[in-house]
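Peer 1: missing the sequence, but the structure's below:
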DNA sequence: ATAGTGACGGCGG
DNA sequence: ACCGCCGCCACTA
């Protein structure tokens, strides 16, 4: 079962809890980066697929998430808390 | 060079 | 507990 995380979680892990927008910008910029960034696994704090508009297709993100076993319904991750991946918790508090 | 905006969220009222 | 304002940093017009 795949996991998802939120912009705020990443920001907090980086030590910049209030810079969640920067994370979003990083995702946008990541598409130019050589490194493959699974931006589709990143949603907002509510579990909404806010970034789906930035993908090539309209439902590409949903398909990617569902292919990883994550239920997506109405642009929202179902059972978000269960699939939520907290970097601070999983990778350890820095 | 300045101002506005953006894949968000924290914090105050 | 809920709603609204403001901050964060880089980019674009």
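Peer 2: Sure, I can see it. None of the values given here were measured: they were computed from a predicted structure. Numbering: from 1, shown residues only, chains lettered A, B, ... in the order given.

Peer 1: flag every residue of chain A that's near DNA strand C.
Peer 2: Residues of chain A lying near DNA strand C by C-beta under 7 Å from any atom of the strand: A:16, A:18-22, A:25, A:29. (Glycine included, C-beta is placed from N, CA and C.)

Peer 1: farthest pair in the residues you listed?
Peer 2: A:18 and A:29 (19.3 Å; C-beta to C-beta).

Peer 1: if we can go back for a sec, and the residues of chain A next to DNA strand C as CSV, adding secondary structure?
Peer 2: Putting the residues of chain A next to DNA strand C into CSV (DSSP: H, G, I helix; E, B strand; the rest coil) gives the following:
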residue, secondary structure
A:16, coil
A:18, coil
A:19, coil
A:20, helix
A:21, helix
A:22, helix
A:25, helix
A:29, helix
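
Peer 1: out of those residues, the closest to DNA strand B would be?
Peer 2: Of all the residues of chain A next to DNA strand C, DNA strand B sits closest to residue A:20, with 3.5 Å by C-beta to the nearest atom of the strand.

Peer 1: contact partners for the closest one?
Peer 2: Contact analysis of residue A:20 by C-beta atoms under 8 Å, 6 or more residues apart in numbering lists A:7-8, A:10-11.

Peer 1: 10 Å - rerun?
Peer 2: When contacts are counted by C-beta atoms under 10 Å, 6 or more residues apart in numbering, residue A:20 touches A:6-12, A:14, A:44-45.

Peer 1: in strands only, show me these.
Peer 2: Among the contacts of residue A:20, the members found in strands (DSSP state E) are residue A:6.

Peer 1: taking the contacts of residue A:20, tell me the two that lie furthest apart.
Peer 2: Across those (C-beta to C-beta), the longest gap, 16.6 Å, separates A:14 and A:44.

Peer 1: low-confidence ranges in chain A?
Peer 2: Along chain A, the parts satisfying pLDDT under 70 run over A:94.

Peer 1: may I have the beta-bridge partners of the residue nearest the centre of it?
Peer 2: Nearest to the mean C-alpha position of chain A, counting by C-alpha atoms, centre = their mean, stands residue A:42 at 0.4 Å. Beta-bridge partners recorded for residue A:42 (DSSP bridges): residue A:5.

Peer 1: thanks again, I'm all set now.
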